[in-house]
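Asker: Predicted model and sequence follow; I will ask about them next.
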Amino acid sequence: MSEENITRIHLDGKEYILIGTAHVSKHSADQVKEVIEAEQPDSVCVELDEQRYQSITEGSKWKEMDIIRVIKEKKASLLLMNLAISSFQNRMADQFGIKAGQEMIQGIESAKETGAKLVLADRNIQITFARIWGNLGLKGKSLLLSQVIASIFSKDTITEEELEKMKNQDTINAILNEFTESFPRLKKPLIDERDQYLAQKIKEAPGEKIVAVLGAAHVPGIKEEIKKEQDMVKLTELPPKSKVPKIVGWSIPFMIIAIIAYTFIANPTAGLSQTFSWILWHGSLSALGAAVALGHPLTILTAFVAAPITSLNPLLASGWFAGLAQAYVRRPNVRDFETLSEDVFTVKGFWRNKVTRILLIVVLSNIGSSIGTFIGGADVLKTFFENL
């Protein structure tokens, strides 16, 4: 049996066999099968959390997704990002003729075949994303989104040499590689903290012989962290929410209403002009976002009407109303969910599929409304100062 990409650790009477894999490498999947069958371990740890495990093992679950519930729970943007990252991974896997995450699937299957205990060893992906997001400022968040989207929709193919290099990266980290060079603190929640979490879960796995199937980027860190006791409570804490966005979110509409009210008293005509400016900028730009996402005319109208109102309440967003309108008018059918994994391969597919089109409507309508706040707000201030 080849020992390439295999690390053996003996600690406290237990043997840990770490297999460093590439998430879209057929060789990695074959090696996982070979190692587990040869070693007959007591436990097999895989670099998955419960959510990704279900995604891999229950692909048909897409058909049960309630898109209206997703919008109401304010998860449209997060779902769209997850689908986009999945698109990147699947596109790589498709290029090399294998299924994305095949080595993890093989680990799950081999654990069942050998009677080993299956351990889902990775931290919840939502916690990881939340801790990444909490580590970035406004500029960082904007760059992150643009970098991820640019990588996802790139048509560049990946060479075998580049694939081998990816054995030293996590799947998500592969997308964000250049970004992590610009923002080194992203590495802590994405790699370092997960090394610690994975190491502790592997160490706690039952039995005396443990096989762990991991992205190769985690192996060096886990080799060191497995010797220590990790604070799992600290590693799974959600970052405290800053009060600044909430303060700013309520301050802007309060200021806008106060300015328009004052202008109305001083000059009703100017106050009326401010009101129309606020409505038109918000309504038009939010409607434009819905139109770019190819929303139904009723959806575009809903975005136009909702944006000026929701912009004055930070708890509401025009995209939610536009998305709900689209979901009622063009409700996704079973086929849309069945073809979802294929449609996210391409930019055209994102717009064609009724599910992802709804998500795009939510996101683009909200972006349009946000831009409207700055432009409309500036126009309101301009009229105010002209009438002092």
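Answerer: Yep, that arrived.

Asker: contacts and neighbour counts: CA atoms only from here.
Answerer: Fine.

Asker: Quick check: next helix or strand after the helix or strand harbouring Asp336?
Answerer: Element membership of Asp336 [criterion: DSSP states H and E] is helix 334-338. Downstream of helix 334-338, the next assigned helix or strand under DSSP H and E is helix 340-343.

Asker: Name the strands paired with the helix or strand encompassing Val119 and say parallel or antiparallel.
Answerer: When secondary structure is defined by DSSP H and E, Val119 falls within strand 117-120. Here strand 117-120 is paired, per DSSP bridges, with strand 43-46 (parallel).

Asker: Flag every buried residue along the helix or strand following the partner strand.
Answerer: Toward the C-terminus, strand 43-46 is succeeded by helix 50-57 as the next helix or strand (DSSP H and E). Buried residues in helix 50-57, counted by 16 or more other C-alpha atoms under 10 Å: 53, 56.

Asker: Can you name every helix or strand that the helix or strand following helix 50-57 contacts?
Answerer: Heading C-terminal from helix 50-57, the first helix or strand you meet, by DSSP H and E, is helix 67-72. Here helix 67-72 touches helix 318-329, going by 3 or more C-alpha pairs under 8 Å, 6 or more residues apart in numbering; DSSP states H and E.

Asker: show me where the stretch 101-250 of the chain has helices.
Answerer: 102-114, 125-134, 138-152, 160-165, 171-175, 177-182, 187, 193-204, 219-225, 232-235, 244-266 (DSSP state H, counting those that start in this stretch).

Asker: Now tell me which of those the model trusts least on average.
Answerer: Ranked by mean pLDDT, the helices of the stretch 101-250 of the chain end with helix 171-175 at the bottom, a mean of 50.

Asker: hang on, the earlier thing: could you tell me how far the strand holding Val119 lies from the centre of the chain?
Answerer: From the chain centre to the centre of strand 117-120 is a distance of 24 Å (C-alpha atoms, centre = their mean, to the nearest Å).

Asker: Would you mind pulling the contact partners of it?
Answerer: 42-50, 53, 108, 111-112, 201-202, 205-206 (C-alpha atoms under 8 Å, 6 or more residues apart in numbering).

Asker: One more pass at 6 Å, please.
Answerer: 43-46, 48-49 (C-alpha atoms under 6 Å, 6 or more residues apart in numbering).

Asker: Show me how the protein divides into domains.
Answerer: Following automatic domain parsing, one gets these domains for the chain: 6-235, 244-386.

Asker: Do me a favour and get the end-to-end distance for the shortest one?
Answerer: This means domain 244-386. Taking C-alpha to C-alpha, to the nearest Å, domain 244-386 runs 30 Å from one end to the other.

Asker: now the longest one
Answerer: Start to finish, the residues bounding domain 6-235 are 27 Å apart (C-alpha to C-alpha).

Asker: What are the buried residues along the helix or strand containing Phe385?
Answerer: Following DSSP H and E, one finds Phe385 within helix 354-386. Of the residues in helix 354-386, 354-373, 375-377, 379-381, 383-384 count as buried by neighbour count, 16+ other C-alpha under 10 Å.

Asker: From the contact counts, what lies against it?
Answerer: On a contact count with 3 or more C-alpha pairs under 6 Å, 6 or more residues apart in numbering; DSSP states H and E, helix 354-386 meets helix 268-292, helix 318-329.

Asker: now Glu50: how far from Gly377?
Answerer: 44 Å.

Asker: can you tell me which residues contact His218?
Answerer: Asp195.

Asker: Give me the distance between it and Glu47.
Answerer: 10 Å.

Asker: on that earlier part again, do me a favour and average the pLDDT over the helix holding Phe385.
Answerer: 89.

Asker: What count of nearby residues applies to Asn333?
Answerer: 12 (other C-alpha atoms under 10 Å).

Asker: contacting residues around it?
Answerer: By C-alpha under 6 Å, 6+ apart, Asn333 has no neighbours at all.

Asker: Roughly how far does it sit from Leu340?
Answerer: Going from Asn333 to Leu340 by C-alpha to C-alpha gives 11 Å.

Asker: Fine by me, thanks again.
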